[in-house]
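Asks: okay, structure incoming, though there's no sequence with it:
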């Protein structure tokens, strides 16, 4: 984005290529940068990954990180972290997103590691859902909802400034 705002989406150890491809396509639409933190549960050369991203995948250009430790070291320069997890005490709608945002998502099978959730308890948010029996939403759906909520909030207020 050229207005000083930056949106980053980080998938921590994603397992399903199709979700990652869809998330990449959503990042293009939302003006977000996609970060993938290894290990990945698939190859970036997977035809199924490209199928999820359609013909847009070459434009996604995700930033690949060899480990959480390496990504965490760069995190302060990227923006304020927000961790999406169904166990969060507050919703996505309760968060106030500043001009530099990093949305963190965990593995499809288990979500974000407990140590990450414990490190940022004030940054845990969840997507509100009416059905209490529903455990979670699909990863790529969650990326879309969350990314566009950040964009909605940005559009509703002027930029914070330099």
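Replies: Right, received. Where do you want to start? Being a predicted model, the structure only gives us computed values, none of them experimental.

Asks: and the spatially most central residue of the chain, what is it in contact with?
Replies: Nearest to the mean C-alpha position of the chain, counting by C-alpha atoms, centre = their mean, stands residue 9 at 3.3 Å. The contact partners of residue 9, by C-beta atoms under 8 Å, 6 or more residues apart in numbering, come to 23, 26-27, 32-35, 102-103, 105, 143, 146-147. Backbone N, C-alpha and C define where each C-beta goes, glycine included.

Asks: residue 8 belongs to a strand?
Replies: Yes - assessed by DSSP: H, G, I helix; E, B strand; the rest coil, residue 8 belongs to a strand.

Asks: verify the stated contact: it with residue 33.
Replies: Yes - contact criterion C-beta atoms under 8 Å: residue 8 and residue 33 qualify, at 5.0 Å.

Asks: which of these two has more neighbours?
Replies: More crowded of residue 8 and residue 33, by other C-beta atoms under 10 Å: residue 8, with 21 against 18.

Asks: so of the contacts of residue 9, which ones are in helices?
Replies: Per DSSP state H, helices hold the following members of the contacts of residue 9: 23, 26, 27, 143, 146, 147.

Asks: how near is the second one to residue 35?
Replies: Read it as residue 26. Look at residue 26 and residue 35: by C-beta to C-beta, to the nearest Å, they are 14 Å apart.

Asks: with the last one instead?
Replies: Taking C-beta to C-beta as the criterion, residue 147 is separated from residue 35 by 13 Å.

Asks: thinking again about what came up before, report the two of the contacts of residue 9 separated the most.
Replies: Distance extremes for the contacts of residue 9: the farthest pair is 26 and 102 at 15.4 Å, using C-beta to C-beta.

Asks: which stretches of the chain have low pLDDT?
Replies: 1-2, 46, 48-54, 159-162 (pLDDT under 70).

Asks: so where do the strands sit in it?
Replies: For the chain, strands defined by DSSP state E occupy the ranges 6-12, 32-37, 63-65, 80-84, 90-91, 100-105, 124-126.

Asks: need these in JSON lines (columns: distance to residue 47).
Replies: Converted to JSON lines, the strands of the chain look like this (distance: least, C-beta to C-beta, whole Å):
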{"stretch": "strand 6-12", "distance to residue 47": "19"}
{"stretch": "strand 32-37", "distance to residue 47": "17"}
{"stretch": "strand 63-65", "distance to residue 47": "18"}
{"stretch": "strand 80-84", "distance to residue 47": "28"}
{"stretch": "strand 90-91", "distance to residue 47": "37"}
{"stretch": "strand 100-105", "distance to residue 47": "23"}
{"stretch": "strand 124-126", "distance to residue 47": "33"}
